[in-house]
Every structure is written in structure tokens, then in C-alpha cells.
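> sequence first, predicted coordinates after that:
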Amino acid sequence: MLSKRIIPCLDVKDGRTVKGVNFVDLRDAGDPVELAAQYAQQGADELVFLDITATHERRKTMIEMVKSVARQLNIPFTIGGGITEIADADALLNAGADKISINSAAVRSPQLIEDLAKAFGVQFVVVAVDTKQVDGKNWVHLNGGRLITALETEDWIKQAENLGAGEILLTSMDHDGTKAGFDCGLLSKVNQMINIPIIASGGAGSMAHFTEVFQKAGVDAALAASVFHYGEILIPELKTELSKHNIPIRI
Amino acid sequence: MDNNTTNNSIGIVNYGAGNIFSLTAALDRQNIPYAMVNTEADLEKHSHIIIPGVGHAGTAMQKLQQTGLVKAIKQLKKPVLGICVGMQLLTTHSEEGNADLLDIIPLQTKLFDKNLGIKIPHMGWNNIDFTNNLLFSNVKPHTQFYFVHSYFIEYNPTFDIASVNYGNKFSAAIQKDNFFGVQFHPEKSGEAGEQLLKNFSNLNF
């Protein structure tokens, strides 16, 4: 049976891992390559690296980091952040990335999804969506939640799937950093709407939240950062807990 | 650390279809020697051959044909391992691009049926049931491997050496004579995947 995936997310800036609460107040949580190897050993099923570097050197720094990770890591990983064209994706693929995640570049130019899917296959293309509720509706946000768009989250996700997204990484900005649980309502709705895998993100605070998001929303994977980085949830214990609830996982 | 005492080395068919870095990194971690295969003469230099592959099977087949290596690959008598799309290339035909493939193993590569209530691609870790085969030496029963694919190879007990269930039962690994194929990615499947690569590099024919 296909296992539900547990995915630690590492925010990377200038080659170092950071994680903010509600995307501000960044704190340093270590060396990405070392952290990645540790997570693989603990039983993480996959890793996501989000590059939040804003300098001109970002691409070179990122490629070097991706190569270092790929040399060490024997599980799949996704790279996101600053990918705006085919050439970026191509460089990451050749450096050993299994998937790339695109967010604002896809919103600004939806054609990018189709181009990437055609060039590298849908399995390579994760569309990350940051969503926030405004007046009872879910809206796609950019720039770490600071910029609202005219796109309703559900519509955008459906469009992304049709254009060739292989997977959706859905982050609730309302839940992110709160440690109060995932947005199971929206995740469940989106999960039933699409026919590609979905990764839940934003709000993980306890092991029960993971059980809940798999049971209630039926998502394929759950992503978290700080609860893993600071050892508040240990992956082997989390997996034992999930299997007690008959959630298929990889031990 | 390493028990590879033979002069075995792996030739990786270099035809421009996918992520070879991860594969070579996995071989590096296992201290398995390898080099790229670009010509027929290169095929001769190695004891084992890997055909990697990610992406579109029809496109991959076109790229393989452009290398001019198809005939020589079909005649190989040494162990050959196709990975993911590289495995699918060993079959007769794929529904992806309605493409005629190498036809080394008489099987069909088919698109997953959405109507089975499954998401496509089949992405993630799934447990496989393998037969008593040297490729799976020292791998525990029902071990999970990492899959990413939208097309699958039909289950046929004659050639199946490992099966997996997703929507329906299909082949996770196949063999005919010296030709092997795995649908999952051993280079991304943790220690079990590394063990499988090691097993392949130690096969003798």
C-alpha cells in the first residue's frame, strides 16, 4: 500500500537553514546537508528545501547546496524558491533534485507549469500555493503571504493541475507558525477536487495533528519544519503513532 | 567498508533522459565504479549496464535511438538494469506517446486508470512483493521503495520478479535472461535501494 509521507521542510538562506514563525523572525536551525542526512536516517520520506535567499548569488549557492545534498541523501528531495524559468529547473535537475517547487512564478506566468511539465515530466513539477482566508474565501497569496492575488485558491489549484502540476504543496498562511493544527477543512476540499498528490503544510504542532490531517483530509503527505528542527516531534515516534491509527506509513 | 572485490564496473547509458547525478551519487556511496556509455565501444568496457530514465517514454526512446546504441543494447549478454523509464524502454510498447520500445521483454507499458480512484502519478513509498531473485538479496520482505511514475508495466508472472499494488497489481521489477528492470528508484529508496544496486553490480552471467 502506498504510504503517507512525512516531509520535513528546510528553509534555506545563504546556504543555512532557517525557519520563521508566520514567515518573519527567522532563526538559524543548522546546516542543510547535515540536517538532511539526519532526517533521512530518522525515517523522513522526503525533504523539501525552500530557498529564501534574495541575493544575486542565490542560484550558484543553491546549485552547490543541491549537489552536496544529492551526494549524501538516499531519499527524494524537492527544491523551491526563485525558480522562474526552464533553465533554473534544468540546472537543479542536473544537480540531483528530484522535484522542483514553483510558487509566485507560476501565478505570474501559468504557462511555466506547462513548459516545465513538457520539458521534465509532471512528476518533476510541484506547484506550491500559499493561501489565506479573507472574508470567508481562500485566496492565493504571494511574497510569503504579504501580497494577495485575485486568484481563489481552489480555482488556481485546479488550473495548476490542468496545466501539468504533478503535485500540490498547499500552505495555509493562517495556520502556519501557529502549531494549532493543519487546515483540514480546506485540505480535504482540495484533496477531493484534484487527482494529483497533495502535501499539507502549515500548522503542525503535535503528533495528533498529523493523524488528523491524514484521517480527516486524506492528504498524501504532511510537511512541517520547526517541530522537527527543534526536536519537538521525533519522526520515529510520529510514525509509530500514525501506524497505531492504521495510517499506512513507511517504518 | 566495501566488499566489492571484483573488477566489476557499471556503464550508464548516457542518452540525456534524466537525473543521472542521483544515480552516480548512490553508486559513489556504495563504492561501485561506473562511467558513462556513449558508444558501442563503451558498452564493451563494462561488466554491467544501467539504462536510467526519467520523463516521457516516447521521447526517451527517440533519444536512445539517436545514440545509435539500440541494436548493440539488444544484443548484450551482460547484466542490464533499466530504472523507471529505463525499465519501460525494455518493454514492447508504451501508451505514453504510443511508442514502440526496445521489445526486449514482451510486455506492455500502460497508463494508470484514473477511474480506479487513484491519484496519478503514483508517487511515494510502496511495499513490493519480490520473488526469490538475486537482485533482492538481503532485502527484507515487503520493503518499501520509492516510486514516481504515471505509466506502469502490466503484471505477467513469466517476467515479474516483484509486484506492487496501486489501483491494480503491476510489476515493480521484471527480468528476462540478463535484462532486469525496476520501476522504483533504487537511488532514492534508502538503504534497501542501495542494497539493490550493490546486488546488481555483483550479478554474474
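That came in fine, so what should we check first? Everything quoted here is computed from the prediction, not taken from an experiment. Residues are numbered from 1 along each chain as shown, chains lettered A, B, ... in the order given.

> next one: phi and psi at residue A:194?
Per-residue torsions, residue A:194: phi -120, psi 160 (degrees, to the nearest 10).

> mind giving me the packing neighbours of the longest strand along chain B?
For chain B, the longest strand by residue count, based on DSSP state E, is strand B:168-176. Applying 3 or more Cβ pairs under 8 Å, 6 or more residues apart in numbering or on different chains; DSSP states H and E, one finds that strand B:168-176 contacts strand B:105-111, strand B:151-154, strand B:160-166, strand B:179-182. Heads up, the C-betas are built off the backbone N, CA and C, glycines and all.

> pairing partners for that strand, with directions?
When pairs are called by DSSP bridges, strand B:168-176 turns out to pair with strand B:151-154 (antiparallel), strand B:160-166 (antiparallel), strand B:179-182 (antiparallel).

> kindly report the residues of chain B close to chain A.
B:18-19, B:21-22, B:25-26, B:28-29, B:54-56, B:114, B:119-127, B:144, B:146, B:148-150, B:165-166, B:185, B:187-191, B:193-194 (Cβ under 8 Å from any Cβ of the partner chain).

> from those, list the buried ones, please.
Taking 16 or more other Cβ atoms under 10 Å in any protein chain shown as the criterion, what is buried in those is B:18-19, B:21-22, B:25-26, B:54-56, B:119-127, B:144, B:146, B:148-150, B:166, B:185, B:187-190, B:193-194.

> what's the closest non-adjacent residue to residue B:145?
Nearest non-adjacent residue to residue B:145, counting by Cβ to Cβ, 6 or more residues apart in numbering or on different chains: residue B:184, 3.7 Å away.

> you'd agree the one you found is up against residue B:172?
Yes: between residue B:184 and residue B:172 there is a contact under Cβ atoms under 8 Å: 6.0 Å.

> joint contacts of the two?
Jointly contacting residue B:184 and residue B:172 under the rule Cβ atoms under 8 Å, 6 or more residues apart in numbering or on different chains are B:126, B:128, B:145, B:147, B:164.

> what's the pLDDT at residue 52?
Just so you know, I chose chain A. Predicted confidence (pLDDT) for residue A:52: 84.

> if you could check chain B rather than the one you did, that'd help
Listed pLDDT for residue B:52 reads 95.

> for the longest strand of chain B, give the mean pLDDT please.
Here the average pLDDT along strand B:168-176 is 98.

> ok now it, how far from the chain's centre?
Chain-centre distance of strand B:168-176: 11 Å, with Cα atoms, centre = their mean, to the nearest Å.

> any residues touching that strand, and which ones?
So strand B:168-176 is contacted by B:87, B:90, B:104-105, B:107, B:113, B:116, B:126, B:128, B:130, B:133, B:135-136, B:145, B:147, B:152-156, B:159-164, B:180-184 (Cβ under 8 Å, 6+ apart).

> give me the neighbour count for residue B:44.
By the criterion of other Cβ atoms under 10 Å in any protein chain shown, residue B:44 has 12 neighbours.

> before we move on, what about the one 3 residues further on?
Using other Cβ under 10 Å as the criterion, residue B:47 is surrounded by 18 other residues.

> in a helix, the residue nearest to residue B:145, correct?
No: membership of residue B:184 in a helix is not supported by DSSP: H, G, I helix; E, B strand; the rest coil, which gives coil.

> now do it against residue A:89, distance only.
With distances taken as Cβ to Cβ, to the nearest Å, residue B:184 is found 23 Å from residue A:89.

> tell me where the chain has helices.
Since no chain was named, I'll use chain A. A:32-42, A:58-72, A:86-94, A:104-108, A:111-120, A:153-163, A:184-193, A:207-212, A:226-229, A:235-244 (DSSP state H).

> I was thinking of chain B, sorry if that wasn't clear
Secondary structure of chain B by DSSP H: the helices cover B:20-29, B:40-45, B:57-66, B:70-74, B:85-88, B:190-201.

> export those as CSV, with columns for distance to residue A:226 and mean pLDDT.
Formatted as CSV, the helices of chain B follow (distance: least, Cβ to Cβ, whole Å; pLDDT from 0 to 100):
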stretch, distance to residue A:226, mean pLDDT
helix B:20-29, 28, 94
helix B:40-45, 49, 96
helix B:57-66, 41, 94
helix B:70-74, 49, 98
helix B:85-88, 37, 97
helix B:190-201, 25, 97
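
> so which of the ones you listed is the most packed in?
helix B:85-88 (a mean of 28; mean count of other Cβ atoms under 10 Å in any protein chain shown).

> report the distance from that one to the chain centre.
Relative to the chain's own centre, helix B:85-88 is displaced by 6 Å; criterion: Cα atoms, centre = their mean.

> could you do stretch B:164-183 as well?
9 Å.

> next: stretch B:26-37.
From the chain centre to the centre of stretch B:26-37 is a distance of 16 Å (Cα atoms, centre = their mean).

> what's it in contact with?
Under Cβ under 8 Å, 6+ apart, the answer for stretch B:26-37 is A:71, A:74, B:1-2, B:4, B:8-14, B:20, B:24, B:42-43, B:45-46, B:49-50, B:69, B:186-187, B:193-194, B:197-198, B:201.

> go on, stretch B:190-200?
By Cβ under 8 Å, 6+ apart, stretch B:190-200 touches A:40, A:74-75, B:4, B:26-27, B:29-30, B:32, B:48, B:50, B:79, B:81, B:134-140, B:143-146, B:180, B:182, B:184-187, B:189.

> repeat that for 6 Å
Stretch B:190-200 is contacted from outside by A:74-75, B:26, B:30, B:81, B:135, B:137-139, B:143, B:186, using Cβ atoms under 6 Å, 6 or more residues apart in numbering or on different chains.

> for residue A:182, state which of these is nearest.
residue A:75 (22.4 Å; Cβ to Cβ).

> residues contacting the closest one?
Here residue A:75 is in contact with A:40, A:46, B:190 (Cβ under 6 Å, 6+ apart).

> what do you get for residue B:19?
So residue B:19 contacts A:93, B:54 (Cβ under 6 Å, 6+ apart).

> how deep is the nearest residue to residue B:25 once chain neighbours are set aside tucked in, by neighbour count?
Counting by Cβ to Cβ, 6+ apart, residue B:25 lies nearest to residue A:71, which is 4.8 Å off, once chain neighbours are set aside. Summarising burial for residue A:71: neighbours were counted as other Cβ under 10 Å, giving 16.

> now swap in residue B:13 and tell me
Neighbours around residue B:13, by other Cβ under 10 Å: 24.

> verify the stated contact: it with residue B:51.
Yes: taking Cβ atoms under 6 Å as the definition, residue B:13 is a contact partner of residue B:51 at 4.8 Å.

> what does chain A put close to chain B?
A:2-3, A:5, A:45, A:70-71, A:74-76, A:93, A:96, A:121, A:123, A:166, A:195-197, A:250 (Cβ under 6 Å from any Cβ of the partner chain).

> now these: which count as buried?
If we count by 16+ other Cβ under 10 Å, these have these buried: A:2-3, A:5, A:45, A:70-71, A:74-76, A:93, A:96, A:121, A:123, A:166, A:196-197, A:250.
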